[in-house]
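K.L.:
What would the 3D arrangement of this be:
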Amino acid sequence: MTSFRNLQQTTGRIISLDGTDYHFFGGTAYLGLLDNPGYIELYKKGIDLLGLNNGTSRTNNVQLGIYRDAELNLADRFGFEAAALLSSGYLAGQVSVGSLSRGKQVIYAPGSHPALWLGETPLVEGDFDQWAKATVAFINNSEQQDFAVISNCIDNLTPQHFDFSIFKELQTDKNLLLILDDSHGIGVLHKNKVSADLSALEADNIEIVVLASLAKGLGTDAGVVLGTKSTVDKIKKHPIFNGASPTAPAALYALLHGQDIYEEAFERMQSNTSLLASITRETSLSHIENFPVFSSTQPLLYRHLLQKKIVISSFPYPLATSPLLNRVVVSALHSEADIRHIGEIMCSESSLIL
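P.N.:
Numbering: from 1, shown residues only. As a prediction, the model looks like this:
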C-alpha cells in the first residue's frame, strides 16, 4: 500500500508522492494556517524581529514582552481573566492537572487525553452522558467536599461534543474544579471562542479551567491555560512552567498580528464544513455541527478514496487491535470543487464504502 510516512513537504491541500498528487483530507490543521502564505509571512517577520527561538526561561530576569502581550490577548479573546502560555498543549495539560488537583478527589471522564493523566492510565470507559450523570450523583453523595473533574471538551475522533451543564446540579456545599481540554475546539467550532457552553456553570462552588493546544485551530505551536487570575498565578509558579522552554516568539507574533487571516480562514473552513455536511447528509458518516471532521468505521473507505487520489486519516481506534477509524478532515485550504469532489465520491458509492 502507498505509504505517506516519510514526506518532505507541507501537509497542506495537496500531497505529492512519487509523481502523483493526492488531495489531503486529514490531520488536525483545521484552519490551514500551516500553509497559508499570509500567515507564513507574518511568522517570517516575527523571526526577523524576535529571532528563531527564545533562549531564556519564563523566570529569567531578561524577558521578551510578546509572551505577556500574547497571554493578555488570549485571555481577552476567549473570555477569561488570565492566561498562561507553554510550549505545547501537552505541557499545558500536565501543569494544569499537576498544580491544581492537589487536595482534591480527581475524577476522569471517558476518553480523557493522555496530556491530562496523572501517572497511570485512568480506566474510564462508556457513554459520556451516563458518566456525567453518575459523577454528579457520586459527588453529591460523597462525604468529601473538594473535587477535580477532568475531561476533553470534544471527542474529535468519533466525533462528539460533550455537554457539561449537568454539573449545575451539584449541591452548593461541594466544590468543583472543572479542567477541560479544548485542543480540538478552541477557535474552531466558534469564532474566537472555546467550544463548550460554560455559561450554565457560573456558580460560587464551580471553577473552570480550559487548556488547549493552539496548533489545531490557531496554527501556533504552543499550549495555553485559561482561568481566573489566581489560578493562572498558581500555574506560573509550577516547575513545569518555570523550567520549560517557551514557544517560539515568532509564532506568537503571527498569532497576535494574524487575526484577520484567522477570521477569513475560519469562515472558509466553516463554509466547507457546511457544504460537505449537506452533500453527505444521507450517508452514515458521523458528524457534529460546525466541526470539520466526518468519521466512518467502514474499513474500505481509506483504500477506496486512495484509489481516487484522496488521502484521509485512518488508524485503529480506540486500541491498536480495534477496527480502523477513518476521518475525513475538512480545512480552510480546500476549494469548493475539492469538497464537492470528495462528497460526490462518497455519496455515489456509499453502499460500498460507507
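K.L.:
wait, Leu324 sits on Ser296?
P.N.:
No - Leu324 is not in contact with Ser296 according to Cβ atoms under 8 Å; the separation is 9.0 Å. The C-beta positions use only the backbone N, C-alpha and C, and glycine is treated the same way.
K.L.:
higher neighbour count, those two?
P.N.:
Of the pair Leu324 and Ser296, Ser296 is the one with more neighbours under other Cβ atoms under 10 Å, namely 24 against 16.
K.L.:
May I have the beta-bridge partners of the more buried one?
P.N.:
Taking DSSP bridges as the rule, Ser296 bridges to Asn326.
K.L.:
what about the strands in this protein?
P.N.:
Under the criterion DSSP state E, the chain carries strands at the ranges 14-17, 20-25, 82-86, 105-108, 146-152, 154-155, 160-161, 175-181, 206-213, 223-227, 293-296, 310-316, 324-329.
K.L.:
Of the ones you listed, flag the one that's most buried.
P.N.:
strand 223-227 (a mean of 28; mean count of other Cβ atoms under 10 Å).
K.L.:
And the average pLDDT for it is what?
P.N.:
For strand 223-227, the mean pLDDT works out to 98.
K.L.:
That one - contacts with which helices or strands?
P.N.:
helix 65-78, strand 82-86, helix 89-100, strand 206-213, helix 229-235 (3 or more Cβ pairs under 8 Å, 6 or more residues apart in numbering; DSSP states H and E).
K.L.:
quick check: angle from the fourth one to helix 89-100?
P.N.:
Same thing as strand 206-213. Angle, strand 206-213 to helix 89-100, by axes from the mean of the first three to the mean of the last three Cα atoms, to 10 degrees: 150 degrees.
K.L.:
Run through who's touching strand 206-213.
P.N.:
78, 80, 88-90, 92-93, 96, 100, 153, 167-168, 170, 175-183, 185-186, 194, 196, 198, 201, 222-228, 231 (Cβ atoms under 8 Å, 6 or more residues apart in numbering).
K.L.:
can you do 7 Å?
P.N.:
Strand 206-213 is contacted from outside by 88-89, 92-93, 96, 100, 167, 170, 176-183, 186, 194, 198, 201, 223-228, 231, using Cβ atoms under 7 Å, 6 or more residues apart in numbering.
K.L.:
Next: stretch 283-301.
P.N.:
By Cβ under 7 Å, 6+ apart, the residues outside stretch 283-301 that reach it are 30, 156-161, 189, 269-270, 273, 276-277, 280, 323-331, 346-347, 350, 352-354.
K.L.:
how about low-confidence regions in the stretch 201-350 of the chain?
P.N.:
Applying pLDDT under 70 to the stretch 201-350 of the chain flags residues 318-319, 350.
K.L.:
nope, the stretch 51-200 of the chain is what I was after
P.N.:
Applying pLDDT under 70 to the stretch 51-200 of the chain flags no residue at all.
K.L.:
follow-up on the earlier one: closest to Asp48 out of the strands of the chain?
P.N.:
Closest approach to Asp48 among the strands of the chain (Cβ to Cβ): strand 82-86, 21.3 Å.
K.L.:
Could you spell out the sheet neighbours of that closest one, each with its direction?
P.N.:
Strand 82-86 has the following sheet partners, assigned by DSSP bridges: strand 223-227 (antiparallel).
K.L.:
and the angle for the partner strand with helix 65-78?
P.N.:
Going by the same axes, to 10 degrees, strand 223-227 makes 50 degrees with helix 65-78.
K.L.:
Not counting sequence-adjacent ones, nearest residue to Gly93?
P.N.:
Excluding its sequence neighbours, the residue lying closest to Gly93 (Cβ to Cβ, 6 or more residues apart in numbering) is Ala115, at 3.1 Å.
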